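Undergrad: what follows is a protein structure lacking sequence information:
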């Protein structure tokens, strides 16, 4: 890396922009040598085996056979459902293999969860680097990369077979058959009464132990299956105007209140009633004329009323409500901001020229943007992202706090548009549904800019040209739970893999950065 320095000074107390960054020697060694290669498809039939990383505290992968019907679907980066011991788990295919280790019993993949691999080859490479450098289980690294909604839950079900149903019916006369004990016979009868299916937990409470269940299973009278379920969908409360006779009820109520204003108490009540009527009228206009049915939070925001107003109107029969699933396609972020019309000052122009010069090289580099708080670094970030988008590449902006994520996210959406350039926002305050929606927008190529906290460094963007780390000295970029990593250092490594520019912004850089 060169050591050209560019001033970002003037009103900024002569704070410099440095175009170099000196990591610790061990970090440099790992950066240059710890990039394992991953397998890709080279045409033809998919190899019959694959190595799968599971979210376990183990620094190893597991080999599974690929059923013939799934060959062609299994690729590195695909999420797969596999049996592991006595349960099903979701893992990530790390590589394909022509052969399996000798002397081991190989189990088959149950299901492929993605038509398009969830993780790109470079993210697989990055996961291996993190696992090696930070001594983390690679399966745990993959779990950190994927949105939580991608994990599945499983439940064991006890199912009565046809033979078990016949046995239960033959027992109705009170005679035991099939070598059953009285407890087993009673269990089959109860299972038949409960529509022949029961979760394993409640089934175990019906007077049979695990050994009895195994005997019934061996005799073909029951099956114990693992049912894989997705996470339950989140719902939202939707409010609508009832209209019809309820409108007449509102008018009658208003007339009754207007006739009761002769006394001082009545006058005070009349003022309060008038205020309430204005609020209720605003709710009615929104729901009946302007918008139609609305989710409760959105209604409260647009009508500028409290929840108590809506609840009172529901009790009075003026409104109706119901629960409906949240549509993952809905955009929970406000993209209605107008683009800022700021002109860069001389110092910001100097910074942009330095960054543009690095862009022209078309290779990996690290630059330090040194400016005090309030000096206009965000404006430089936005211009740098704009330059990168114009070159047909994508960008990641990492910030230390969720509040900054929301603010810079809105700024980016103002500049680039929520859909035109595709700006995605990723942080832990989003619900599972919202995070999955944003994550898959990125993976499907609908977003070209990602703004988020440290985990956004794993955003599945392709053709990355710029990774910005705002206030890179902040400790919040350090992940304390497994897998432990430093978001700034991982951003630099990913920039090297992508041959991109890592732009580190700071008001108080340390000696290592300077």
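TA: Cool, got the structure. Just so it is clear, the structure is predicted and the values come from calculations on it, not from any experiment.

Undergrad: quick one, helices of the stretch 401-514 of the chain?
TA: 402-416, 432-443, 487-498 (DSSP state H, counting those that start in this stretch).

Undergrad: average pLDDT across the second one?
TA: Helix 432-443 comes out with an average pLDDT of 83.

Undergrad: got the buried residues for that helix?
TA: 433-443 (16 or more other C-beta atoms under 10 Å). For every residue, glycine as well, the C-beta is placed using N, CA and C.

Undergrad: for the helices of the stretch 401-514 of the chain, give me a markdown table that also has distance to residue 157.
TA: Formatted as a markdown table, those follow (distance: least, C-beta to C-beta, whole Å):
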| stretch | distance to residue 157 |
| --- | --- |
| helix 402-416 | 40 |
| helix 432-443 | 25 |
| helix 487-498 | 41 |
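
Undergrad: residues touching the residue lying closest to residue 283 once chain neighbours are set aside, list them.
TA: Nearest residue to residue 283, sequence neighbours excluded (C-beta to C-beta, 6 or more residues apart in numbering): residue 303, at 5.0 Å. In this structure, residue 303 makes contact with 279, 282-283, 286, 309, judged by C-beta atoms under 8 Å, 6 or more residues apart in numbering.

Undergrad: ok, now residue 482?
TA: 57, 136-137, 140.

Undergrad: for these, work out which two are farthest apart.
TA: 57 and 136 (9.3 Å; C-beta to C-beta).

Undergrad: which one of the two has more residues nearby?
TA: residue 136 (20 against 9; other C-beta atoms under 10 Å).

Undergrad: regarding that one, what is its secondary structure?
TA: Following DSSP: H, G, I helix; E, B strand; the rest coil, we place residue 136 in the coil state.

Undergrad: so in that sheet, which strands flank the lengthiest strand in the chain, and in what orientation?
TA: The strand spanning the most residues in the chain, taking DSSP state E as the definition, is strand 87-97. If you go by DSSP bridges, strand 87-97 pairs up with strand 49-53 (antiparallel), strand 79-84 (antiparallel).

Undergrad: what about it, average pLDDT?
TA: For strand 87-97, the per-residue pLDDT averages 92.

Undergrad: now do stretch 307-323
TA: Mean predicted lDDT for stretch 307-323 stands at 90.

Undergrad: quick one, strands of the stretch 301-450 of the chain?
TA: Applying DSSP state E, counting those that start in this stretch to the stretch 301-450 of the chain gives strands spanning 319-325, 365-370, 394-398, 423-426, 449-452.

Undergrad: and the ones you listed as JSON lines, adding distance to residue 482?
TA: Output for the strands of the stretch 301-450 of the chain, formatted as JSON lines (distance: least, C-beta to C-beta, whole Å):
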{"stretch": "strand 319-325", "distance to residue 482": "33"}
{"stretch": "strand 365-370", "distance to residue 482": "27"}
{"stretch": "strand 394-398", "distance to residue 482": "20"}
{"stretch": "strand 423-426", "distance to residue 482": "20"}
{"stretch": "strand 449-452", "distance to residue 482": "20"}
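
Undergrad: would you format those as TSV with mean neighbour count and distance to residue 464 included?
TA: TSV is the format used below for the strands of the stretch 301-450 of the chain (neighbours: other C-beta atoms under 10 Å; distance: least, C-beta to C-beta, whole Å):
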stretch	mean neighbour count	distance to residue 464
strand 319-325	13	34
strand 365-370	24	13
strand 394-398	28	5
strand 423-426	28	13
strand 449-452	28	9
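
Undergrad: lowest average pLDDT across those strands?
TA: Across those, strand 319-325 gives the lowest mean pLDDT, at a mean of 81.

Undergrad: much appreciated, bye for now.
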